[in-house]
Structures are given as C-alpha cells and as structure tokens.
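Participant: Curious how this folds, go ahead:
(one chain, ligands or ions: 1)
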Amino acid sequence: MNSRDTLKINSAGHLEIGGADCTDLAKEFGTPLYVYDETHIRNMMRVYQDTIKEAYDGRGLVLYASKAFSCEAVYAIAKQEGIGIDVVSGGELYTAMQAGFPAEKICMHGNNKLKHEIEFALDRKIGTIVVDAYSEADMLDEEARKRGIVQDILLRINPGIEAHTHAYVQTATPDSKFGFSIADGTAEKMTAYLLQKKNLRLKGFHCHIGSQIFEKQSFVLAVEKNVKFMSDIKNSLGFVTESLNMGGGFGIWYTQEDAKLTVKEYKEYLLALIQTLKKECGTYGLQLPFIYIEPGRSIVGEAGITLYTVGAVKEIPGIKKYVAIDGGMFESPRYALYHSKYTALLANRANDTPTEMISIAGKCCESGDIIAANVNLPKAQTGDILAVLSTGAYHYSMASNYNRNLIPPAILVKDGKADYIVKPQSYEDLVRNDLIPERLK
Ligand code: LLP
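Facilitator: Predicted coordinates:
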C-alpha cells in the first residue's frame, strides 16, 4: 500500500479511497474505472505552492503539467488552488479554456507546435509560450505582429543532464529532440535570435530534465547549469533572466522498489532547488528569477487507482499464471510502452495474504497486452475486484480506443462521495466520426 492517508483498508477488509469503499465504487460505476482522490491532488498542489510562498517569498508559480491527466475537472481544481498549468497541445488548451481556466496562468509547450495551436494560444491570450525551434519563433513573432501584441516567451534549453530514469522519458541528454543545448552554444545563438524579435518578449529559460526522478542531485545540477548559463548570457548578450522554469519530473511510488515520499517530503525537492538557485545567483551576482516548476506525475499519479473485474484466470503449468481483467493496454499503456511496474491488490479481499506470483493480462488481441508482470496476489477468482495503484498519471491521458475498446470513465472521490469527471464512452461515441463513402454502399 502506498503512504497516502486516504488510501486504506477498511473494517470490511475492502480497499478504500477518499472515504469510499472500492467495491461499492465498482458496483455503482462499473469497471474498468479510473478513480481519483481529490484530497491528494489538492495536497500535492498545495505543498509545492506553499513551499514557493515560504521559501521564495511567493515569487514563483506551480504549473500543473496537465499531460499527466487532462480533463475539465482537474483544471477546475488547479484553478481553485490558485496554481497555473502547462499545456502541450491545442486540445489541452481547449479543455482548460472550457473549464474556465485563467489564460494568463497557462504556459504552452511543444517541440513542434502547429500553426493553429499557436493561433489559438495567441487568440486566447495565454501567459507564456515556451519556444523550441527557429521556425516556431518566426511563426509566433509573425502571428503576434498580426494581432498587435508582444507575447511573453521562454526558451527551452537543454542543460545536458542524464537523469536516472527510463530512456523514453529522459529529455535533457545531448541527443534530445527538446531544447537548445547550452554545451554546444546553440542555446546562446537562439537567445540572440529571439532578442531581435519585435513581437516576442523573452523572459527567460525553461528546462525539463526527465520524469520519475528521485535524486535531488539531478535537479540541483540542473539549477547550477542554468544559473551559469544565465550568467554567461548576461555577460555576452546583456540579457537579464527574469523567469526560470525548472520543469517537472519528481518521482512517485509505484512498487516497493520506489521511495515512498510523504506529501511533505516533496517539499524537500523544491527546497533543494530553491536553495541552489539562491546560492548560485548569489555567487554570480544575478537577480533572483521568478520560478516555475511543472510537476505532473507527482500531483495526480498516486491520487489515482484503477479498478477492474477479474475475468479469465489461466495457468500455464510450471510457467506462468495470467489473471485477465476487463481493461488492457488501451487504458493502461505504460507496461507495454515502458515495462513499468505496479502494485496490485484485490480490493474486495484487501487483507488476504498474497500467495502467488501472477501477471495481469489485458483483453487486447496481442501478447504484449500486460498491465503488470510478476505481481504478488492472493489467489484471484473470476469476479474479484482488482485495484492497481498509482495509475493517476499518464494512464487516462494516454488511453486509446485500440481494438475499439471503450476508454473507461473517471470519477473523483472526496469524503466518501464520488462524481463522474469523465463520463463513460458508448459504442455510439466510437462510430461518431466514421463515414462510409457512397461508393462503398
Ligand atoms: N514539463 C515538461 C516540459 C515535460 O515534458 C513534462 C513531462 C513535465 C513537465 C511533467 O513531468 P512529470 O512531473 O509528470 O514527471 N508518458 C510518460 C511520461 C512522459 C513525461 C513527458 N514530459 C510516462 O508515462 O512515464
């Protein structure tokens, strides 16, 4: 079990989240079901924003990296908590705007933003756009000129740090598709280029070194490299950095192999970052920049669990046992993509001792459709409710209709009360955009 206060086993021996019994939730809403604990999401948003308040005089803003879980309700929570968000597509921006999210607190990313996404962002007057290409800078400058505005931007730079995480989610290695490298001088060249743009106002820099990172040292190193760059660029171009965005990437608990940080301990990451920033800016004689951080996974990851119903159980004698559930890689793609590890338990028999090592199989038509491999479970039977923990980040947001399976609904739980935040899909939804040309009729 993870360390979240609101995830526990109740007196009936059932898993409980946010005061709601998971077997009741499964009965009421059906499975597969994404379940989110509102309190944990809010606690995580608060711990970051409060740390900036306490340790940095409030001169910064937490931007929830909404690629981790994007839907109107999560933007509504971020709005209530007074934090900002980061969006990476027109779709995320549209969703946030539908939720009434304040445009000035939105920061837009993307290594290849499309023209219509840039137009949309400018028309909605979003706060900051993080520039990541020459062609984008040209397009953005031109579109801002047409609108008679000067757009605030940051430049995405690559500090060249290999954080210890999965290769697919490392982003600041020398061969990354993201950002401009400090080491090879392209970051400085791009800075000079942006400073000539009349309709762009360069406020500073952004970097994101990767995801699911536990070592504070990686973040400390990134700050050191950024501040050195800020100093170099001040000396060479006379540019004074007003804002620095340090990205996201704080790790979460998935299995016993991961650290189990309390909400308060996440404060330490930010404190380490802030202390280094203050120290380094002092050393180089630089003014302290306004800071942004962009946590995604650590805000929603452990707040979410997925509930399934056990279907077929198949044993290949002496080799393996599969427990198949009513979900699959269409709603939980991270094992197929990254061989990610998870903790699972039977929500209806949560006190039963795990007795066997099994793999949880999905219902998609391919062998790689595994939800989690080598999981320790009590003997599962058809009809049991299986809960997979820490599925709040990059599950719903990466879900698809593969095999024309329906993307499960999501509910938000607080004080025992559950509400839909994403409605169930229907078969009609699946064919809504399908067309049969006349000649095929
Ligand atoms: N900022 C930027 C610019 C990012 O690229 C990301 C994540 C974040 C913030 C948020 O990082 P977080 O705090 O969530 O680690 N699909 C992968 C994760 C991809 C992360 C992409 N960028 C997964 O399921 O592990």
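Participant: Any idea how many residues pack against V87?
Facilitator: 28 (other C-beta atoms under 10 Å). Any C-beta I mention is one placed from the backbone N, CA and C, and that applies to glycine too.
Participant: ok, and for the helix or strand encompassing V375, which residues are buried?
Facilitator: If you go by DSSP states H and E, V375 is part of strand 370-377. Judged by neighbour count using 16 or more other C-beta atoms under 10 Å, the buried positions of strand 370-377 are I370, I371, A372, A373, V375, L377.
Participant: Out of those, which is nearest to K320?
Facilitator: A373 (9.2 Å; C-beta to C-beta).
Participant: Quick check, pLDDT for the closest one.
Facilitator: As predicted, A373 sits at a pLDDT of 95.
Participant: what about stretch 410-421, how long is it end to end?
Facilitator: 6 Å (C-alpha to C-alpha, to the nearest Å).
Participant: Residues of this structure that sit close to the ligand?
Facilitator: 65, 68, 86, 109, 169, 171, 208, 211, 247-250, 294-298, 334, 393-394 (C-beta under 6 Å from any ligand atom).
Participant: And those residues, which of them are buried?
Facilitator: Buried among those by 16+ other C-beta under 10 Å: 65, 68, 86, 109, 169, 171, 208, 211, 247-250, 294-298, 334, 393-394.
Participant: And for stretch 273-288, what's in contact with it?
Facilitator: 51-52, 55-56, 59, 219-220, 223-224, 227-228, 230-231, 234, 240-241, 244, 246, 289, 291, 293 (C-beta atoms under 8 Å, 6 or more residues apart in numbering).
Participant: Let's see that stretch as PDB, backbone CA atoms only.
Facilitator: Extracted C-alpha coordinates of stretch 273-288, given in PDB (Å, rounded to 0.1, in the frame of the first residue of the first chain):
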ATOM      1  CA  LEU A 273      16.100  23.600  -6.000                       C
ATOM      2  CA  ILE A 274      15.300  27.000  -4.400                       C
ATOM      3  CA  GLN A 275      18.400  26.900  -2.100                       C
ATOM      4  CA  THR A 276      20.600  26.100  -5.000                       C
ATOM      5  CA  LEU A 277      19.100  28.800  -7.000                       C
ATOM      6  CA  LYS A 278      19.600  31.400  -4.300                       C
ATOM      7  CA  LYS A 279      23.200  30.200  -3.700                       C
ATOM      8  CA  GLU A 280      24.200  30.200  -7.400                       C
ATOM      9  CA  CYS A 281      22.500  33.500  -8.100                       C
ATOM     10  CA  GLY A 282      24.400  34.900  -5.200                       C
ATOM     11  CA  THR A 283      27.700  33.500  -6.500                       C
ATOM     12  CA  TYR A 284      27.200  35.000  -9.900                       C
ATOM     13  CA  GLY A 285      25.700  38.300  -8.700                       C
ATOM     14  CA  LEU A 286      22.400  37.700 -10.500                       C
ATOM     15  CA  GLN A 287      18.900  38.900  -9.500                       C
ATOM     16  CA  LEU A 288      16.700  36.000  -8.400                       C
END
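Participant: Mind listing what's buried along that stretch?
Facilitator: L273, I274, T276, L277, E280, C281, L286, L288.
Participant: Among those, which lie within helices?
Facilitator: If you go by DSSP state H, the buried residues of stretch 273-288 have L273, I274, T276, L277, E280, C281 in helices.
Participant: So what touches whatever helix or strand R156 lives in?
Facilitator: Per DSSP H and E, R156 falls inside strand 151-158. Applying C-beta under 8 Å, 6+ apart, the contact partners of strand 151-158 are 107, 109, 122, 127-132, 140, 144, 171-172, 174, 176, 178-182, 187, 190-191, 194, 199-208, 226, 229, 243, 245.
Participant: The residue lying closest to V87 once chain neighbours are set aside: neighbour count?
Facilitator: The shortest distance from V87 to any non-neighbouring residue, by C-beta to C-beta, 6 or more residues apart in numbering, is to L93 (4.6 Å). By the criterion of other C-beta under 10 Å, L93 has 23 neighbours.
Participant: which SS state does L93 fall under?
Facilitator: Assigned with DSSP: H, G, I helix; E, B strand; the rest coil, L93 falls in the helix class.
Participant: Going forward, count from 25.
Facilitator: In the new count, where the first residue is 25, that last one comes out as L117.
Participant: who are the neighbours in contact with it?
Facilitator: So L117 contacts V111, I130, M132, E141, F144, A145, R148, I150 (C-beta under 8 Å, 6+ apart).
Participant: now for the lengthiest strand in the chain, which elements pack on it?
Facilitator: When the chain is parsed with DSSP state E, its longest strand is strand 328-340. Judged by 3 or more C-beta pairs under 8 Å, 6 or more residues apart in numbering; DSSP states H and E, the packing partners of strand 328-340 are helix 46-53, strand 57-61, strand 344-349, strand 409-412.
Participant: closest one to K291 among these?
Facilitator: Nearest of these to K291, taken as C-beta to C-beta: strand 57-61 at 19.5 Å.
Participant: Could you list the residues in contact with the closest one?
Facilitator: Taking C-beta under 8 Å, 6+ apart as the rule, strand 57-61 contacts 28, 30-31, 41-42, 44, 46, 49-50, 93, 98, 324, 327-331, 355, 415-416, 419-420, 432-438, 442, 445-446.
Participant: Equivalent analysis for stretch 254-265, please.
Facilitator: For stretch 254-265, using C-beta under 8 Å, 6+ apart, the contacting residues are 212, 215-216, 219, 226-229, 268, 305, 308-311, 313.
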